[in-house]
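Participant: How does the following fold in three dimensions:
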Amino acid sequence: MLASGKSAPASENASPATTKKGRKRRDKKQVIEISLWINGVKYEYGLLCTFCAKLPAVFHCPLCTDFYCPGCDHTAHLTKKRKDHVRSKLSKFDLNRAAAVVTRTVRRFGLLRFLQRRARQVFRRHFDKTTLNYYYLNTRYMTVSWRKPFCLRKQELFPFMTPDYAASKCQNLYYLWRAREKARQQLVLQYAKIFDRQTQRFYYGYNGASALLPRSSWRKPRLLGKRSFPKDLLPVYTKDVAALVIQRKWRTILMLQFLRALCRACHDEVWDPVIGRFNYFNRDHEILHQEKPKLLRNEHWDPNRVSDWSMDEVALFLRRIGLKQYKDTFKSYQVDGNALVLLDDEDYENMGVTNRIAIKKIRVEIDRVYRPVRPVVMSEEHDARREKIRRHKMFMAAALKIQRQFRRYRAQKEAQMLREINRLKRAEQRLNKRIEATNMWWTENDKMQVKKPGEAALISSTGVKLPPLKTFGRRRDYLSFKGWGRRGNDLKGTWLPSLAAVLDKNFMGDTHPTLIFSEKLRVKGYDEKRLKKFLDDEM
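Facilitator: Numbering: from 1, shown residues only. Just a heads-up that it's a prediction; the model follows:
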């Protein structure tokens, strides 16, 4: 289908002196004419066949220059001369419908491209090293999906790298790394960090060949702190710098000692006899912690508590009191703080320490710094209190465990009971329906009609519906339409015939308790009274 545009012819009486403004105005009034074309021939929608002039044309033959319907096309091109002609099929759309289809298609593809642009703005593609697959992250709602957005169709969110492009990226990164490494080396070689004694500050001196950079500056170079560059240069270690470093280190040590002393002043160390270790109580916030404050790090709460010393601390103690010749001996016997407190004369002799003066000196220093907080032998009252607390905690833990098990057991039993109740209700409903369907009383009564098959219930001679069936006795035989027997205890209520009725088919059961009891009720007029009461209630 082709479209052709033609402008209206200019007026013959137009003046030759027409201005450009008037010519532009006439150009704006030009009308574009759109028509249907095929193979260079103009036609109208709904054109009739050239031969029969009855049916609409479907084909056009450019060699014959005629329009044919299907029948005429077949007939006209059966000959040997025309059978090789290639025909073109006419469009099935008129101008309005074709314009609507083109408009919808253009709008559809325009909206699709708009959605694809929005998807590329919102979604990001990432690689999962575990599954070796790509997943897509929605940066607006922070949701992920293994599938790309549906609007992309066969396109990718972002084009994957080709081998040549990936190789060029790797080369660029390598060149960038080499340039950055070279710049870092030149920065370290050409700059120096120097301490100024007058201002007590560091400045940066430049000794390179460039005349554009300043020879000295209080600001560090801009590349310092960037990626793969050091945060700062190492200073030139002069006497002033060494003294400054030592002062800073010493001030740091003093500050830590002050903070740890402040932490010990705000906390109390409390011995717990139940768990057998110390707890730490914060007096300001009134909170009891089981762990030592993190500010103390590896330090002991009380550095003078000898029982908490390790073997290295015992060796350091011996060096401080001038007995470093015995530190290897104490290490070989693995003497720590607890063992050092309990050593006696015999233990020293076994270790090879025979100098009485050295032994006396060790004991004097231990007595000077050692302040025991845990008594070696506890009193009977304290021991009893500790045992009482331990048993109380043990009983509480056991009680909680028993309660949890009992609650679980009770919930299971309640669920079982609920299931059993529902089962019994369903069984009772089925049994009542079965009894109503049989429509048999516990005894025969001449005054009551027996229900015919298909009727809903017993109907008396007066046309009144009788009350529901009532059974007497429990687990006893009774007479029914099936003979003497009883219902089973299963859910289906299986009929169990009486043993006597099985052995003797003529068994009537005159002496059976159920029959005797039923006969007494019949003689006393129980059925008539029950029917009368039922009728009164109905009234």
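Participant: use CA for all of it now, contacts and neighbours both
Facilitator: Fine.
Participant: for the stretch 101-250 of the chain, what spans make up the helices?
Facilitator: With DSSP state H, counting those that start in this stretch, the ranges of helices along the stretch 101-250 of the chain come out as 163-190, 239-266.
Participant: Kindly apply the preceding question to the stretch 351-500 of the chain instead.
Facilitator: 356-369, 380-438, 499-503.
Participant: Can you add distance to C49 and give the helices of the stretch 101-250 of the chain back as CSV?
Facilitator: As requested, those are arranged in CSV below (distance: least, CA to CA, whole Å):
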stretch, distance to C49
helix 163-190, 60
helix 239-266, 107
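Participant: Mind putting those into TSV with mean pLDDT, distance to R386 and mean neighbour count?
Facilitator: Listed next are these as TSV, based on pLDDT from 0 to 100; distance: least, CA to CA, whole Å; neighbours: other CA atoms under 10 Å:
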stretch	mean pLDDT	distance to R386	mean neighbour count
helix 163-190	91	67	13
helix 239-266	90	27	13
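Participant: Figure out which of these is closest to A437.
Facilitator: Taking CA to CA, helix 163-190 is the member of the helices of the stretch 101-250 of the chain nearest to A437, at 85.1 Å.
Participant: and C49, how many neighbours?
Facilitator: By the criterion of other CA atoms under 10 Å, C49 has 22 neighbours.
Participant: Sorry, slip of the keys, the one I care about is A57.
Facilitator: Around A57 there are 24 other residues, counting by other CA under 10 Å.
Participant: Contact partners for it?
Facilitator: A57 sits next to G46, L47, L48, C49, T50, F67, Y68, C69, P70, L90 when contact means CA atoms under 8 Å, 6 or more residues apart in numbering.
Participant: Please repeat the previous calculation with a cut-off of 6 Å.
Facilitator: Applying CA atoms under 6 Å, 6 or more residues apart in numbering, one finds that A57 lies in contact with L47, L48, C49, F67, Y68, C69.
Participant: would CSV of these with secondary structure be doable?
Facilitator: Conversion of the contacts of A57 to CSV gives the following (DSSP: H, G, I helix; E, B strand; the rest coil):
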residue, secondary structure
L47, coil
L48, strand
C49, coil
F67, strand
Y68, strand
C69, coil
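Participant: still on that earlier bit, which one of the helices of the stretch 101-250 of the chain lies nearest to N207?
Facilitator: When the helices of the stretch 101-250 of the chain are ranked by proximity to N207, the top entry is helix 163-190, at 5.2 Å, counting by CA to CA.
Participant: Please name every helix or strand in contact with that closest one.
Facilitator: Applying 3 or more CA pairs under 6 Å, 6 or more residues apart in numbering; DSSP states H and E, one finds that helix 163-190 contacts no other helix or strand.
Participant: what's the spacing between it and its chain's center?
Facilitator: Using CA atoms, centre = their mean, to the nearest Å, the distance from the centre of helix 163-190 to the centre of the chain it belongs to is 42 Å.
Participant: right, and the helices of the stretch 351-500 of the chain - which one's nearest R147?
Facilitator: Judged by CA to CA, the one of the helices of the stretch 351-500 of the chain that comes nearest to R147 is helix 380-438, at 45.1 Å.
Participant: L400 and R410, how far apart?
Facilitator: Separation of L400 from R410 (CA to CA, to the nearest Å) stands at 15 Å.
Participant: quick one on the thing from earlier: for R219, state which of the contacts of A57 is nearest.
Facilitator: For the contacts of A57, the residue nearest R219 by CA to CA is L47; the value is 88.8 Å.
Participant: And that closest one, what's its pLDDT?
Facilitator: For L47, the model assigns a pLDDT of 88.
Participant: Likewise for D536?
Facilitator: pLDDT recorded at D536 is 73.
Participant: Which helix or which strand is home to it?
Facilitator: Take DSSP states H and E as the rule and D536 turns out to sit in helix 526-538.
Participant: got it, and K81?
Facilitator: Once you assign secondary structure using DSSP H and E, K81 falls outside every helix and strand.
Participant: next one: phi and psi at it?
Facilitator: Note on K81: backbone dihedrals following degrees, to the nearest 10 are phi -70, psi -30.
Participant: again, but for K89
Facilitator: For K89, the backbone dihedrals are phi -90, psi 140 (criterion: degrees, to the nearest 10).
Participant: What of Y237?
Facilitator: Backbone torsions for Y237, taken as degrees, to the nearest 10, come to phi -80, psi 90.
Participant: what's the next secondary structure element after the helix or strand bottoming out on mean pLDDT in the chain?
Facilitator: The helix or strand of the chain with the lowest confidence, counting by mean pLDDT, DSSP states H and E, is helix 20-28 at a mean of 54. Proceeding C-terminally, helix 20-28 gives way to strand 36-38 as the next helix or strand, assigned by DSSP H and E.
Participant: now that next one: mean pLDDT?
Facilitator: 85.
Participant: Distance to D268 for the contacts of A57 - can I get that in JSON lines?
Facilitator: Compiled in JSON lines, those are given as follows (distance: CA to CA, whole Å):
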{"residue": "L47", "distance to D268": "108"}
{"residue": "L48", "distance to D268": "111"}
{"residue": "C49", "distance to D268": "112"}
{"residue": "F67", "distance to D268": "110"}
{"residue": "Y68", "distance to D268": "110"}
{"residue": "C69", "distance to D268": "109"}
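Participant: Let's see if you can find the most crowded of those residues.
Facilitator: Top of the contacts of A57 by neighbour number is Y68, holding 28 neighbours under the definition other CA under 10 Å.
Participant: if we can go back for a sec, go through the helices of the stretch 351-500 of the chain and name the closest to I321.
Facilitator: Across the helices of the stretch 351-500 of the chain, I321 has its closest neighbour in helix 356-369 (7.9 Å, CA to CA).
Participant: Flag every buried residue along the closest one.
Facilitator: I362, R363, I366 (16 or more other CA atoms under 10 Å).
Participant: quick one: which of these is nearest V270?
Facilitator: I366 (23.3 Å).
Participant: Before we move on, what's the pLDDT of that closest one?
Facilitator: At I366, the pLDDT value in this model is 87.
Participant: swap in L318?
Facilitator: pLDDT recorded at L318 is 91.
Participant: how about it, what does it touch?
Facilitator: In this structure, L318 makes contact with K324, judged by CA under 6 Å, 6+ apart.
Participant: Pretty sure L288 sits against W271.
Facilitator: No - assessed by CA atoms under 6 Å, L288 is found out of contact with W271, at 11.7 Å.
Participant: Now the common contact residues for the two.
Facilitator: Taking CA under 6 Å, 6+ apart as the contact definition, L288 and W271 share no neighbouring residue.
Participant: Could you check how many residues crowd around V41?
Facilitator: Using other CA under 10 Å, the number of residues around V41 comes to 12.
Participant: All further residue positions should be reported with the first residue as 10.
Facilitator: Sure, I'll start numbering at 10, so the last one becomes V50.
Participant: How about residues contacting stretch 299-307?
Facilitator: Residues external to stretch 299-307 that are found in contact with it (CA under 6 Å, 6+ apart): N288.
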